[in-house]
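[1] 3D, please:
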Amino acid sequence: MKKKSILLSVLLLMLAIGISSCGNDDFWSQFSGCKNVNSTGETRGDSTNPWETESVEYKAGKSGVLYLKHVNVKYNCATEKVVVAASVDDRHIKIIENPIGDTANCVCPMDVECKITGLSNGEYTISFYRYNDTDLYLEFKIDYSDLLKGSYIKDE
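    Below is the predicted model:
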């Protein structure tokens, strides 16, 4: 009986390791959390501060990789994470940002980053959506190559 219990535990552990290592290397994302919370937990907002200018920085990696960083996107201060979904259809890159968390009576700038793979040289339209694929937030074009590096500043 003890051997069965140990064997079952080992099998469950192996299954858990196998599941957690099954990732999609073609896409990843992360986010910074609130960037302007001071040590007392108060947020400050200064829309004249260029540090809070919203933009998208982009940079090509090797072999069809594109890194995107949505800088200073404003979300609710209580956002715990931003779930990012991405797709590439023909020459259209679609990014959907979905903030998850409670609500508070404030907003703050955050950075949301993601990596897209499988691109080939040429022009792409990049569209950022909030919450779903019908709420278009910003859109711009890039001319992808391995040397690509630049930024797009969002109009207020």
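[2] Check what pLDDT the residue nearest to L66 when sequence neighbours are not counted gets.
    Using C-beta to C-beta, 6 or more residues apart in numbering and skipping residues adjacent in sequence, the residue nearest L66 is I116, 4.6 Å away. (C-beta placed from N, C-alpha, C; glycine too.) With respect to pLDDT, I116 has a value of 93.
[3] what's across from I116 in the sheet?
    F27, L66 (DSSP bridges).
[4] Test my guess that it contacts A86.
    Yes: using C-beta atoms under 8 Å, I116 is in contact with A86, at 5.8 Å.
[5] So between these two, which is more surrounded?
    Legend: neighbour count by other C-beta atoms under 10 Å for I116 and A86, higher for I116 (23 against 20).
[6] Distance check, the more buried one against S87.
    Noted for I116: a distance of 9 Å to S87, by C-beta to C-beta, to the nearest Å.
[7] check contacts around Y152.
    55-56, 58, 138, 140 (C-beta atoms under 8 Å, 6 or more residues apart in numbering).
[8] can you rerun that using 10 Å?
    Contact analysis of Y152 by C-beta atoms under 10 Å, 6 or more residues apart in numbering lists 54-58, 68, 70, 126, 128, 138-142.
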